[in-house]
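Asks: can you look at this prediction? I've put the sequence above it.
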Amino acid sequence: MKKILVIHGPNLNLLGQREPAIYGRTTLAEINSVLKKAARKRKASLCIKQSNLEGEIVGLIGKAKSKYHALLINPAAYTHTSVAIRDALAASGILTVEVHLSNIYSREEFRHKSLITPVVKGTIMGFGPKSYLLGLDVLLDLLDQP
Ligand code: DQA
């Protein structure tokens with residue numbers, strides 16, 4: 001069974017109430033339950049974490065390679081600022097897909113740069129909660145490849 005770690009970064013615990021015009025009304029619990037259902041259908045298991053702390057996310061990434069086959073991450077605001085999370089991903093080498101609910105390029109200029117994208121397999125953004133589902137799907141497809 002393929003094991004995937006899902007990391008939700010800062011403020012994603014507030015989904016549903018947080019800037020609904022941008023992030024929608026779906027809560028994190030709802031996203032997680034849809035993801036779990038999708039994983040079950042594909043006979044994969046998920047471990048889902050949310051953290052508002054950069055160092056905690058660095059720690060989770062550091063341990064991920066030994067426990068999981070792949071990582072799905074929405075680094076949230078740390079996307080644009082965190083050299084530490086980028087370095088942790090580069091050091092780990094775990095197969096990773098980055099996701100965002102919103103299209104970061106259609107928003108403020110400070111969001112136009114992701115420090116994370118250069119060190120992941122690929123990035124999916126702009127499709128709301130569906131970004132996560134697409135990310136999970138592509139990770140499982142990649143893991144299924146011989
Ligand atoms: C986000 C985009 C980031 O710019 C923002 O800081 C977030 C959420 C997204 O999923 O659209 O917190 O990662």
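Replies: Good, I have the coordinates.
Asks: who in the protein is up against the ligand?
Replies: Those residues of the chain that sit near the ligand, judged by C-beta under 6 Å from any ligand atom, are 11, 74, 76-77, 79, 100-102, 104, 111. (Glycine included, C-beta is placed from N, CA and C.)
Asks: pick out the most distant pair among those residues.
Replies: Using C-beta to C-beta, the residues of the chain next to the ligand span at most 14.5 Å, a distance reached by 11 and 104.
Asks: and those two? which has more neighbours close in?
Replies: More neighbours surround residue 104 than the other of residue 11 and residue 104, with 19 against 14 (other C-beta atoms under 10 Å).
Asks: tell me how far that one lies from residue 3.
Replies: 28 Å (C-beta to C-beta, to the nearest Å).
Asks: what's the answer for residue 43, then?
Replies: 11 Å.
Asks: which of those two has more residues huddled nearby?
Replies: Using other C-beta under 10 Å as the criterion, residue 43 and residue 3 rank with residue 3 on top: 15 against 9.
Asks: show the pLDDT at the more buried one.
Replies: Looking at residue 3, its pLDDT reads 98.
Asks: what helix or strand does it sit in?
Replies: If you go by DSSP states H and E, residue 3 is part of strand 2-8.
Asks: put the buried members of the residues of the chain next to the ligand into a PyMOL selection.
Replies: A single PyMOL command selects the buried members of the residues of the chain next to the ligand (16 or more other C-beta atoms under 10 Å):
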select buried, resi 74+76+79+100+101+102+104+111
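Asks: and the helices in this structure?
Replies: 20-23, 28-41, 54-67, 83-92, 130-144 (DSSP state H).
Asks: can you check what angle separates the longest one from strand 2-8?
Replies: This points to helix 130-144. Calculated by axes from the mean of the first three to the mean of the last three C-alpha atoms, to 10 degrees, helix 130-144 forms an angle of 150 degrees with strand 2-8.
Asks: now helix 130-144, how far from the centre of its chain.
Replies: Relative to its parent chain, helix 130-144 has a centroid offset of 11 Å by C-alpha atoms, centre = their mean, to the nearest Å.
Asks: how about the second one?
Replies: Taking C-alpha atoms, centre = their mean, one finds the center of helix 28-41 at 13 Å from the center of the full chain.
Asks: lovely, talk soon.
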